[in-house]
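Peer 1: sequence isn't available, so here's the structure alone:
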């Protein structure tokens, strides 16, 4: 769905924003727990989910377009949009037909008792804090990948979802897309025999080879809110908007971005969501100038036991397919390629045409929508309606995936192998690594 071009009506926008804040415009939101659903596990009035969208640029725009389609079908009502950039916020407000209430600060949105579900598409460093706060107010959450930027943040997200009995779906859409489904059923049912190695290739990260000086933030951007839990620092164009990806504290580079997609698919195909213990050893080339500090090129090797197999991240790695990134399942009887992560591109023809053998086991599939982004959100809503609150990429699955990415970066930084105990969620015999599994959040943007 193509969003309409916003028209300028600043007076109406400011009036709507002021009305949203009302008398509490200068008060600190309390985020008291509440339950907005008509009944546990069910949508509210009119059998519609009442939705708020936090972060309206980038993937937030896709989420808004998807929700507008669901709204047209009578399945949701978009009650609120939120962004710390007034320009993006106004555009989102316009695209809802000026029906949704605009908020700059997500905490005011979460205070609303009529909102059942929130979608979070803010930069990565915000995911954990906003997800935990949303769970604490009784709201179901769809949050963009990667789930978290530290292991301890991921654990807090899982704990919040379970304690408040809400469904948290993470936006690794491949698990509900056809490409990954064809590949998963083929791999699990022996298309290449027993798989002992999976390799990933991906293009390199950029380098900040032309640094620019700090400046005042652009007009309309609340820089303090954008930073949120990060330490305060002056605005620089190399930080924001999309460049946050190339900073370790806010993005984590390609492995935490696309790795969150590829590793999620690999774990699913390998039926390895339960294999939480492993070793990881990573090396890479880190920039020597500019603000960006994530690896330009990188190699990470993960080793799993019982069953034994290895996962290798190559940046750039060995490009087996034709597209920019993908992975290869190496088995006893050959190999199978899955380009991209099985969401945006079709599966390999061998996987699509694979004939299931006698006694084969099917894998989970939902195909309510042809569009894989719509399908992934439909799976989230389904988990809420059915009351099991475990969508296809439940927060615990996504946390385990993010742990692979976060520990690879940590191994590269420390310059040594990490032996990870998944049950205890700690590095074995490595006090320094364990201290780096968390970092403080800047007050008041904290869990």
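Peer 2: Great, that's in hand. Note that the structure is a prediction, hence the values are computed from the model and not measured.
Peer 1: which stretches in the stretch 1-150 of the chain count as helices?
Peer 2: 10-21, 59-72, 86-95, 106-110, 127-136 (DSSP state H, counting those that start in this stretch).
Peer 1: and the average pLDDT for the longest one is what?
Peer 2: Meaning helix 59-72. Regarding helix 59-72, the rounded mean pLDDT is 97.
Peer 1: contacts for that helix?
Peer 2: In this structure, residues lying in contact with helix 59-72 by CB atoms under 8 Å, 6 or more residues apart in numbering are 1-3, 51, 53-54, 56, 76-78, 81, 83, 88, 92, 95-96, 119, 121-122, 142, 144, 171, 371, 373-374, 377. For the C-beta atoms, the positions are set from N, CA and C on the backbone; glycine is no exception.
Peer 1: in the protein, which residue is most central in space?
Peer 2: For the chain, the residue nearest the mean C-alpha position is residue 145 (1.1 Å; CA atoms, centre = their mean).
Peer 1: distance check, that residue against residue 366.
Peer 2: Going from residue 145 to residue 366 by CB to CB, to the nearest Å gives 18 Å.
Peer 1: so, low pLDDT: which residues of the chain?
Peer 2: Residues of the chain that meet the criterion pLDDT under 70 lie in 1-46.
Peer 1: by residue count, which helix of it is the longest?
Peer 2: The longest helix of the chain (DSSP state H) is helix 395-414.
Peer 1: which ones are touching the residue nearest to the centre of the chain?
Peer 2: 170-172, 260-261, 264, 398, 401-402.
Peer 1: which ChimeraX command selects the buried ones in those?
Peer 2: This is how ChimeraX selects the buried members of the contacts of residue 145, with burial counted by 16 or more other CB atoms under 10 Å:
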select :170,171,172,260,261,264,398,401,402
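Peer 1: related to what we said a few turns ago, which non-adjacent residue is nearest the residue nearest to the centre of the chain?
Peer 2: Among residues not flanking residue 145 along the chain, residue 260 sits closest, at 4.1 Å (CB to CB, 6 or more residues apart in numbering).
Peer 1: enumerate every residue touching the one you found.
Peer 2: Neighbouring residues of residue 260 by CB under 8 Å, 6+ apart: 145-147, 172, 398, 401-402, 405.
Peer 1: then residue 52?
Peer 2: 78-82, 109-110, 112, 115, 117-119, 139.
Peer 1: any idea which of these is closest to residue 328?
Peer 2: Ranked by distance to residue 328 (CB to CB), these are led by residue 119 at 33.0 Å.
Peer 1: if that closest one is in a bridge, with which residues?
Peer 2: residue 53, residue 142 (DSSP bridges).
Peer 1: what's around it, how many residues?
Peer 2: Using other CB atoms under 10 Å, residue 119 has 30 other residues around it.
Peer 1: would you confirm that it contacts residue 54?
Peer 2: Yes: using CB atoms under 8 Å, residue 119 is in contact with residue 54, at 6.8 Å.
Peer 1: just to revisit the earlier point, so the residue nearest to residue 145, which of the three states?
Peer 2: With DSSP: H, G, I helix; E, B strand; the rest coil as the basis, the three-state label of residue 260 is helix.
Peer 1: walk me through the domains of this protein.
Peer 2: 33-173, 175-359+393-435 (automatic domain parsing).
Peer 1: any idea which of these is most buried?
Peer 2: Each of the domains of the chain was scored by mean neighbour count; the highest is domain 33-173, a mean of 22, by mean count of other CB atoms under 10 Å.
Peer 1: now find how far off-centre that domain is within its chain.
Peer 2: Centroid displacement of domain 33-173 relative to its chain, using CA atoms, centre = their mean, to the nearest Å, is 13 Å.
Peer 1: and for stretch 291-307?
Peer 2: On CA atoms, centre = their mean, the centre of stretch 291-307 falls 18 Å from the chain's centre.
Peer 1: distance across it, terminal residue to terminal residue?
Peer 2: Between the start and the finish of stretch 291-307 there is a gap of 41 Å, counting by CA to CA, to the nearest Å.
Peer 1: could you point out which element follows the longest helix of the chain?
Peer 2: strand 418-421 (DSSP states H and E).
Peer 1: just checking, what packs against that next one?
Peer 2: strand 278-285, helix 395-414, strand 426-427 (3 or more CB pairs under 8 Å, 6 or more residues apart in numbering; DSSP states H and E).
Peer 1: returning to what we had before: mind checking which of the domains of the chain is nearest residue 387?
Peer 2: The nearest among the domains of the chain, by CB to CB, is domain 33-173 at 3.3 Å.
Peer 1: re the thing from before, save the helices and strands packed on strand 418-421 as a markdown table, and put in distance to residue 126 too.
Peer 2: Shown next, in a markdown table, are these (distance: least, CB to CB, whole Å):
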| stretch | distance to residue 126 |
| --- | --- |
| strand 278-285 | 25 |
| helix 395-414 | 14 |
| strand 426-427 | 25 |
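Peer 1: so which of these gets nearest residue 128?
Peer 2: Judged by CB to CB, the one of the helices and strands packed on strand 418-421 that comes nearest to residue 128 is helix 395-414, at 9.8 Å.
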